[in-house]
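Q: starting from these lines, generate the structure:
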Amino acid sequence: MSDKKQQTQPQTQQTEEQQQELKKQKMQQLKKKQQQQKMMKKKAQQQQQAQQQQQQAVVPSLPNPGKFEEIHRTAQDILTTQDAFDGFKCDIAGMSSPSFQFSHALQMGQTEESPKYAFTTVYSDNNPPTSIGKIDSDGKVFGRFIHRFGALSAVGTININKDFGTYVGADLDYRGSSYTGSLKYDANNTFVMGAMKTWTRRWSSGLEYTRSPNQGVNMYTLGVRYNLGFHSYVFTANTYAHLAMCYAFKRDNLELASEVAMMPGRGDLTRLSVGMRYFFRKQQIKIRADTEGALVGIYEENIMPTVKIIFSTALNYLTNDFKFGIGLQIQR
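A: I've put the predicted structure just below:
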């Protein structure tokens, strides 16, 4: 009996050792599995972060829509008639230093709105602020100062006419990544507040409030813009029942634009304007017409690297009014 007991004791010891080894192996396997799971989680997180970074790199942020007052700029650059003139004009511009620019403008024609002579100076270092000064032969004085504080820009303006009537105003604009807010106020208690926001790559909208006690204006204006490739559509409406719809097309050297402005119920105030501008290698041509009988054509050509010649014609077939002008632009 004693021999049997002696034989069973080592056997039980062996089984206990085997069980302990099995437990150790199981614990090691569990640890390995846990480590593998941790490694898999880390890899998954790294892959997610890499995908997010790729998406952020591939999908650009929404663009800034600009100020509300510039919502029509794409079309107005083509439809404007401010660059039309009659008679003869000559503009000479130069730089006395990298920071200081000046220009002389001489005009001889029948138009009374433009002065016979104007002298303009612009000072700007590599970083803002920028100052602009202008004086003309009619005795008008104009000054503007621009300063930027990061995304915030401040503009101060003073304008004195020949009768010593003075205009003083200040503007504040804040440009975010996909929105712009604007404030304006002048000495006549005119107050303008506007905001513009980009919602998608194609859609943007804004709202503007205008109050002018001297003119009896208390108005809200809503604007919506839709961009589709080379096409741009803009719709605006205000509380005075004035509606405007603009279309603009820009591709390569060709630009097209049209605008319909109307007041519902008053058809005599409905106006349609269309325009076209085309850029050649050294020339450009611009044509504009509207339902009020105006037809304007402007041709520009660079005859030298620093000299440009301009021909301007304006015809109104309802009033039989015709104007023609020749201009030179010289860059020193």
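
Q: count the residues that sit near residue 33.
A: Residue 33 is flanked by 10 other residues according to other CB atoms under 10 Å. (Each C-beta comes from the backbone N, C-alpha and C, glycine too.)

Q: that one: which element?
A: Element membership for residue 33 (DSSP states H and E) is helix 2-58.

Q: and residue 117, backbone torsions?
A: phi -150, psi 140 (degrees, to the nearest 10).

Q: is residue 101 in a bridge, and if so with what?
A: residue 95, residue 122 (DSSP bridges).

Q: can you pull the contacts of it?
A: Taking CB atoms under 8 Å, 6 or more residues apart in numbering, we find residue 101 in contact with 93, 94, 95, 121, 122, 123, 124.

Q: which PyMOL command selects the buried ones in the residues you listed?
A: To isolate the buried ones among the contacts of residue 101 in PyMOL, judged by 16 or more other CB atoms under 10 Å, type:
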select buried, resi 93+122
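
Q: nearest to residue 330 among the contacts of residue 101?
A: The closest of the contacts of residue 101 to residue 330 turns out to be residue 93 (CB to CB; 7.2 Å).

Q: and the closest residue to the closest one other than its chain neighbours, what does it touch?
A: Excluding the flanking residues, the one nearest residue 93 by CB to CB, 6 or more residues apart in numbering is residue 103, at 4.1 Å. Residues in contact with residue 103 (CB under 8 Å, 6+ apart) are 91, 92, 93, 94, 119, 120.

Q: redo those as JSON lines? Include pLDDT.
A: JSON lines is the format used below for the contacts of residue 103 (pLDDT from 0 to 100):
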{"residue": "91", "pLDDT": "95"}
{"residue": "92", "pLDDT": "95"}
{"residue": "93", "pLDDT": "95"}
{"residue": "94", "pLDDT": "92"}
{"residue": "119", "pLDDT": "96"}
{"residue": "120", "pLDDT": "96"}
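
Q: nearest to residue 24, of those residues?
A: The nearest member of those to residue 24, counting by CB to CB, is residue 93 at 88.8 Å.

Q: quick check: that closest one touching residue 332?
A: Yes: with contacts counted by CB atoms under 8 Å, residue 93 reaches residue 332, the gap being 6.8 Å.

Q: model confidence for the residue nearest the centre of the chain, exactly?
A: Nearest to the mean C-alpha position of the chain, counting by CA atoms, centre = their mean, stands residue 66 at 3.5 Å. Per-residue pLDDT puts residue 66 at 92.

Q: residue 35 too?
A: pLDDT for residue 35: 78.

Q: follow-up on the earlier one: dihedrals phi and psi, the residue nearest to the centre of the chain?
A: Torsion angles, degrees, to the nearest 10, at residue 66: phi 80, psi -180.

Q: which stretches of the stretch 201-332 of the chain form strands?
A: 203-212, 217-228, 231-238, 243-251, 254-263, 266-279, 283-290, 294-304, 307-316, 321-331 (DSSP state E, counting those that start in this stretch).

Q: which other helices and strands contact the fourth one?
A: If contacts are counted by 3 or more CB pairs under 8 Å, 6 or more residues apart in numbering; DSSP states H and E, strand 243-251 sits against helix 73-79, strand 231-238, strand 254-263.

Q: and the last one, what's buried?
A: When you say that, I think you mean strand 254-263. 255, 256, 257, 258, 259, 260, 261, 262.

Q: run the angle between that strand and strand 243-251 for me.
A: 180 degrees (axes from the mean of the first three to the mean of the last three CA atoms, to 10 degrees).

Q: need the contact partners of strand 254-263.
A: By CB under 8 Å, 6+ apart, strand 254-263 touches 72, 74-79, 240-250, 269-278.

Q: sec struct for residue 189, please.
A: Under DSSP: H, G, I helix; E, B strand; the rest coil, residue 189 falls in the coil class.

Q: and it, what is it in contact with?
A: By CB under 8 Å, 6+ apart, the neighbours of residue 189 are 211, 212, 213, 214.

Q: grab the nearest non-local neighbour of the first one.
A: Read that as residue 211. In space, and not counting its chain neighbours, residue 211 is closest to residue 191: 4.7 Å by CB to CB, 6+ apart.

Q: surely that neighbour touches residue 182?
A: No: between residue 191 and residue 182 there is no contact under CB under 8 Å: 11.5 Å.

Q: before we move on, the earlier item: which of the contacts of residue 103 sits closest to residue 45?
A: residue 93 (59.0 Å).

Q: which of the three states applies to that closest one?
A: Quick answer, by three-state DSSP: residue 93 is strand.

Q: adjust the sequence numbering to begin at 24 for everything that follows.
A: Yep, numbering from 24; the last one is residue 116 now.
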